[in-house]
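**Student:** Quick one: sequence plus predicted model below, questions after.
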Amino acid sequence: MTENKPENGHYGWKAFLRKHWKITAVFAVGAVLALVGSILVFLWFVGDAQSTGMVPTTLGLWTMGNMVTFTLHLIFWELLLIGIPVGLAAIGGWQWWKRLPDEEKNKYHFFGKRSRTTGGGSGISVLFFIAFCIKVFIDGKWDVAIATWTLDYVASSMITLLMWAAIIFGIPAVLGVIWWITHEMKKKPANESNQTTIPP
């Protein structure tokens, strides 16, 4: 008699990707499309908010009411145009997962012990601020009053920083993941290591 042991940590991901790499690729593409879509919705709303007079073009003329109104409307449109499709996709993924046999699901344990490391978010914020400073210096606005900046400039700068991050970090990460997946797909499933013989 044999008993399947759960795959722990990255081994669980390996086993899952070997068997369900197509659905994983579909959700990965969906995640990229959702990110691109959220950026496009942001850029569209920035232009629309200014053309309709919802907010002033120059940031120095903004009030607290403008900031709250802009934020709430942006969240609404992001949820309506991006959040609902993402939610439907998540429900579809959950339904697909529920239909998998219990024996198969019990073999996967995707996460190991939780890390106690903190401060990652603050590190990203510091890097983002440094990158924004570099962008402002390159644009020749280092000694220009912040109150004279336009909403379009700030929005385009944020998108530019995201593009920098995608090029510097995203492309190597994607290439690494593709290499890892192709490398793991070539390996034979180690069924012997996942089974323990139990004497009758």
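**Tutor:** It's in.
**Student:** pLDDT below threshold where in this structure?
**Tutor:** Low-confidence segments of the chain, defined by pLDDT under 70: 1-14, 105, 108-122, 184-185, 187-200.
**Student:** Okay, helices next: where are they in this protein?
**Tutor:** Along the chain, counting by DSSP state H, helices occupy 10-51, 64-78, 84-98, 102-105, 120-138, 151-165, 171-186.
**Student:** can you pull the buried residues of the third one?
**Tutor:** Of the residues in helix 84-98, 86, 89 count as buried by neighbour count, 16 or more other C-beta atoms under 10 Å. Heads up, the C-betas are built off the backbone N, CA and C, glycines and all.
**Student:** and for that helix, what are the contacting residues?
**Tutor:** The contact list for helix 84-98 (C-beta atoms under 8 Å, 6 or more residues apart in numbering) reads 23, 27, 30, 34, 105.
**Student:** Mind putting these into JSON lines with distance to residue 62 and neighbour count?
**Tutor:** Conversion of the contacts of helix 84-98 to JSON lines gives the following (distance: C-beta to C-beta, whole Å; neighbours: other C-beta atoms under 10 Å):
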{"residue": "23", "distance to residue 62": "45", "neighbour count": "14"}
{"residue": "27", "distance to residue 62": "39", "neighbour count": "15"}
{"residue": "30", "distance to residue 62": "35", "neighbour count": "16"}
{"residue": "34", "distance to residue 62": "29", "neighbour count": "15"}
{"residue": "105", "distance to residue 62": "51", "neighbour count": "12"}
